[in-house]
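> Sequence below, structure please.
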Amino acid sequence: MPKYKLSRSSYRHAQVKSNQQIVQLEHTGLLNISNTTNGFIDETSIDKNVLQLDDFDYSFLSSYVEKENTDANFVTSCDKNPKTPIWNDLSNGNELNFRTIHNKSLPLDLDPSKLADWAIENSITHAAINSLLSLLKPFHSNLPTDARTLLSTPRKLKLDIIEPGHYYHFGLNIAVTKLIQKYGKNLECIKICISIDGLPLSKSSSNQLYPILCNLYENPQVVETVGLYQGFDKPKNANLLLERFIGEAVSLTLNGFHCNGYIIPFKIVAFICDAPAKAFILFTKGHTGYNSCSKCHIEGTFINNRVCFPEVDNLRLRTDTDFREKVDDGHHVGTSLVETIPNFDMVNDIVLDPMHLIHLGVMRKLLILWIEGKPGSKLPSLKVKMISDHLLSLKHNIPIEFNRKPRSLSDIKRFKATEFRQILFYTGPLILKSVLSFDMYLNFLSLHAATTILSNSTLICELGDYADSLFKYFITTFGVLYGKDQISHNIHNLIHISKDAKQFGILEQFSAYPFENYLQRFKTLIRKGDKPLPQIIKRIMEQHSSQHTSTQLFEKFPVPKNPHFDGPLLNFEYLEQYKQINFNNFILKLSEADSCCCLHDKTVVLIKNFVKTAENLFIIGQKFEQIEDYYTEPCKSSILDIFLVSRIGALCSWNVNQIAFKCVKFPFGNKFVVFPLLHSATTK
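This next block holds a predicted model:
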């Protein structure tokens, strides 16, 4: 064994490193400091930071070691440190070996499944996992040596050829099983919604995905993958794409879903697709053609080089029988396998997606007409700037539930669906009031009011027919203001969407938002440009093998968060103060944007503190003494829980059970306009 010596500076650095190792080992409990028969550590020398020499390894000092031609003062340097005999023995060739520490001193075995869950949740690459495993394996013999074993990564994949690309079928049965394992306990009937849509993988090529996705009707936010197509164009034949999925859907519908020894009834409730995808899988005319409406027999009119649909009255509705018998030859271009699904209505169960129809369709079209439209509908650039400036001024009033803050209309080409939705439901009635003409503003408010009604389960029952009337008014006046040639497929289908809401519930219940959010995850699963489909499949299979399940739906709400001691307090005994309370579907905080709520008696409160007593949670705040309608046409805004409030009152307290919903509050002169945060309603 060659003789090693340390230079003076390297020796000092090494000694510091050694002492740090000792302290670290002492604090983490890696070393057994009790009396041992093997004599690895001498208790009497611990306080002096002196290690015995029996079985230790100096390999961690290798970067400081020089051969033969080292500093001649090395021995002298060691002599000046009598409390470190370790160095004298090192010069004689002895070694420290941390890897042979007594087994009783090692930490408990690391659970491989927990390590796998951590790797999957944090998107750790296989190379990084392999590097970590090589470090952990000497101390945890139960760990595998390869990431593919740890994550149960499939070695081989069988891809189906569907021209002009490839398809992999995960399975409807497997997808439903994963949904139920996560969130679907105690279901009397498994109701599934299906979505099919295209996703470009790159801006520089036509490479794209066409996934088949599903979610639980009772909990739309949870999505799983049934099948996945990838190619440089969409599949040439939709039936080939759907074949294996339809086969499983038919079997499950007829025989039920087998779960823990029970057979649970199964039903495909709806297909949720945008207009092009819907026409693709149903083999019907595209949305720009004649006879393209999936809900009625309207033919369409050709005006200014485009097909439009200006009629709103006396429309003959399609039926399931009409569709299957192809009564309207002009509507069909083929026969879809979807027709073979039992107990499925080919008209009523193919829903109109609010995200694509209303937010990306109608609301976006209105803004484009105001910014870039023809004379008469186009706004002056000064007014467009006023809208943008007003939007930007509301940034600090947007609650935490919104992922995006308002931005300038100069970025409208890059707006996402949620931004158009935010303008339609919340900021639009405020920022457009002083900018649009009365007729244009009233036309917009009719769309705003109708969609607000369809976003509230109580209002759908009470005012569903009125929402129908508002949509017809919107379409009629839209044609007068902007031209009949602008009444496109999306504008026309507003007539039919209220019927879908009456059947399926609020707009959010059957929108494509959960699927659209899930689609974006596919891109994050690709780690290199080559062979994207196998990469995505393997990442999904790894997620399926994970033992981790979410428990967020089983948490008991409301939950207080972030304790503080700043007050204000009223004259009753309290135990704790909090800055935040989490409810099932919204959060209230003491911040400016998140501190407004409405009670069941329509009292609007500005929250100043959250207090917990021995038995209950309370809010301490100030109510607005004056509440009035923000607008009175086309209906009173108070019917929709939209108020103009002012005159703040004295501090009072209310039990949190009195909270009906969270409010979005915007300044309006010396008053405030408050809107209900949709889908934040609590139960009495």
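> Going along the chain, name the strands of the stretch 551-684 of the chain.
Ranges of strands in the stretch 551-684 of the chain, per DSSP state E, counting those that start in this stretch, are 559-564, 576-582, 587-589, 596-599, 604-612, 617-629, 643-655, 659-668, 671-676.
> Quick check: which of those strands is buried the most?
strand 596-599 (a mean of 24; mean count of other Cβ atoms under 10 Å). (Glycine included, C-beta is placed from N, CA and C.)
> That one - contacts with which helices or strands?
strand 604-612, strand 659-668, strand 671-676 (3 or more Cβ pairs under 8 Å, 6 or more residues apart in numbering; DSSP states H and E).
> and that strand, C-alpha only, in CSV?
Extracted in CSV, the C-alpha atoms of strand 596-599 (Å, rounded to 0.1, in the frame of the first residue of the first chain):
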residue,chain,number,x,y,z
CYS,A,596,-65.1,39.5,1.9
CYS,A,597,-68.0,37.1,2.3
CYS,A,598,-71.7,37.0,2.2
LEU,A,599,-73.9,35.4,4.8
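> Pull up the pairing partners for that strand, direction included.
Sheet pairing of strand 596-599 (DSSP bridges) gives strand 604-612 (antiparallel), strand 659-668 (antiparallel).
> re the thing from before, adding mean pLDDT as columns, could you present the strands of the stretch 551-684 of the chain in a markdown table?
A markdown table is the format used below for the strands of the stretch 551-684 of the chain (pLDDT from 0 to 100):
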| stretch | mean pLDDT |
| --- | --- |
| strand 559-564 | 93 |
| strand 576-582 | 94 |
| strand 587-589 | 96 |
| strand 596-599 | 97 |
| strand 604-612 | 96 |
| strand 617-629 | 96 |
| strand 643-655 | 96 |
| strand 659-668 | 96 |
| strand 671-676 | 98 |
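> Pipe these into JSON lines and attach distance to residue 367 per row.
Shown next, in JSON lines, are these (distance: least, Cβ to Cβ, whole Å):
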{"stretch": "strand 559-564", "distance to residue 367": "37"}
{"stretch": "strand 576-582", "distance to residue 367": "34"}
{"stretch": "strand 587-589", "distance to residue 367": "29"}
{"stretch": "strand 596-599", "distance to residue 367": "27"}
{"stretch": "strand 604-612", "distance to residue 367": "30"}
{"stretch": "strand 617-629", "distance to residue 367": "26"}
{"stretch": "strand 643-655", "distance to residue 367": "25"}
{"stretch": "strand 659-668", "distance to residue 367": "19"}
{"stretch": "strand 671-676", "distance to residue 367": "19"}
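> and residue 427, which of those is closest to it?
strand 659-668 (7.4 Å; Cβ to Cβ).
> Show me the contact partners of the closest one.
394, 397-399, 401, 426-427, 430, 583, 586-588, 593-594, 596-600, 602, 604, 606, 619, 630, 641, 644, 672-677, 680-682 (Cβ atoms under 8 Å, 6 or more residues apart in numbering).
> same thing with stretch 294-305?
The contact list for stretch 294-305, computed with Cβ under 8 Å, 6+ apart, reads 278, 282, 284, 289-293, 307-311, 315-318, 328, 330-331, 347, 350, 352, 483-485, 492-493, 495-496, 499.
> again, but for stretch 125-143
99, 106-107, 109-110, 112, 115, 119, 144-148, 150-151, 153, 527.
> now it: how far from the chain's centre is it?
From the chain centre to the centre of stretch 125-143 is a distance of 31 Å (Cα atoms, centre = their mean, to the nearest Å).
> One more: stretch 241-257?
Taking mean C-alpha positions (Cα atoms, centre = their mean), stretch 241-257 and its chain are 28 Å apart.
> Need the distance between the two termini of stretch 309-319.
20 Å (Cα to Cα, to the nearest Å).
> List the buried residues in it.
Within stretch 309-319, the residues that count as buried by 16 or more other Cβ atoms under 10 Å are 309, 310, 311, 312, 315, 318.
> Quick check: mean pLDDT of it?
Per-residue pLDDT values across stretch 309-319 average out to 95.
> Quick one: residues in contact with it.
By Cβ under 8 Å, 6+ apart, stretch 309-319 touches 293-298, 300-301, 328, 331, 347, 472, 475-476, 479, 484, 487-489, 491-492, 495.
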